[in-house]
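>>> sequence and predicted structure, then a few things I'm wondering about:
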Amino acid sequence: GAVVSQHPSRVICKSGTSVKIECRSLDFQATTMFWYRQFPKQSLMLMATSNEGSKATYEQGVEKDKFLINHASLTLSTLTVTSAHPEDSSFYICSARDTTSGFYNEQFFGPGTRLTVL
Amino acid sequence: GDSVTQMEGPVTLSEEAFLTINCTYTATGYPSLFWYVQYPGEGLQLLLKATKADDKGSNKGFEATYRKETTSFHLEKGSVQVSDSAVYFCAQEDGGATNKLIFGTGTLLAVQP
C-alpha cells in the first residue's frame, strides 16, 4: 500500500524554540494531508487539513499562529510548532489522501512524531 | 456533533479467544465507518471499512458489520493471536467535502500466549 513518512520520529527541544515536522507521501500524490495530535491513552484529534497550494483549514480551538502548516507540493506537508512550550508535548501524526485511487480516497497514516518540550 | 464511542481497554485475552470490541457512533448523516489498528511503534493502518448500512468489512480474520438501527460497528475476531496485540481505533468519516475522520478513544488489546 501507499507509504507516508514523517521526520523526525522523535524530537526534544527547549521551551520557546520552534520545531518543524515533515510529512511525505512516498509513492503517491496527495492533494490533501491531515495533521492529528494524540495524547496518551486518548484518541487522535484532528488539528488541521492541509491542501496543496492553499491555506490550511484549522479545527476549532487550534491556534493558526502556533501551528503553522505548509503544503508546498503534492508529496510534502510541514507542521511547525512555533515557540513551543511543555504543554505542546504530544504525539503528532499526519495522514495523506491518495487522490488517484478511484472510488474511495483512503487516508494513509505516517508513523508519528513524538515531541517533547522541556 | 458527530462522535464515536468505543469500549475502554485494555482488553486482555488468551490466544485463540473470541474478541469483540464495541463501537457506536452518532452522526447526522450516513457516514462511512472504519477500524484502524496501531501496532506498537507504528502508524495507524486501515484494518477494514464499511460504506453503507448492512455492509460487512473484513480483513485478517477481523469482521465488523455496519448496523444503522443500532448505530454500531463492533469489531470481532473468532480466534485472536499474540500478533493481534495492538490499539484498535473505530472511526467515522463525515462524507463531506473534506472527508474528515472522527476517531474513538482507542482500545488496547493484549493477547497472551
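It's in. Numbers count the residues shown, from 1 in each chain, chains lettered A, B, ... in the order given.

>>> partner strands of the helix or strand of chain B with the lowest mean pLDDT and their direction?
Within chain B, confidence by mean pLDDT, DSSP states H and E is lowest for strand B:101-103 among all helices and strands, at a mean of 91. Paired with strand B:101-103 in the same sheet, following DSSP bridges, are strand B:86-93 (antiparallel).

>>> got a list of contacts for the strand it pairs with?
For strand B:86-93, contacts defined as C-beta atoms under 8 Å, 6 or more residues apart in numbering or on different chains pick out A:43-44, B:2, B:4, B:6, B:9, B:21, B:23, B:25, B:27, B:31-40, B:44, B:47, B:73, B:75, B:99-104, B:106-109. For the C-beta atoms, the positions are set from N, CA and C on the backbone; glycine is no exception.

>>> what does chain A put close to chain B?
Residues of chain A found near chain B (C-beta under 8 Å from any C-beta of the partner chain) are A:4, A:6, A:32, A:34, A:41-44, A:46, A:49, A:57, A:93, A:95, A:97, A:104-107, A:109-112.

>>> pLDDT below threshold where in the chain?
No chain specified, so I'll use chain A. For chain A, the stretches with pLDDT under 70 are A:1, A:99-105.

>>> my bad, the chain I had in mind was chain B
For chain B, the stretches flagged by pLDDT under 70 are B:95-98.

>>> all strands for it, in order.
B:3-6, B:11-14, B:19-21, B:23-26, B:32-38, B:44-50, B:56-59, B:62-65, B:75-77, B:86-93, B:101-103, B:107-112 (DSSP state E).

>>> redo the ones you listed as TSV? Include mean neighbour count and distance to A:N70.
Shown next, in TSV, are the strands of chain B (neighbours: other C-beta atoms under 10 Å in any protein chain shown; distance: least, C-beta to C-beta, whole Å):
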stretch	mean neighbour count	distance to A:N70
strand B:3-6	18	30
strand B:11-14	14	40
strand B:19-21	17	37
strand B:23-26	18	33
strand B:32-38	24	26
strand B:44-50	20	23
strand B:56-59	15	35
strand B:62-65	20	37
strand B:75-77	20	37
strand B:86-93	24	25
strand B:101-103	22	22
strand B:107-112	16	34
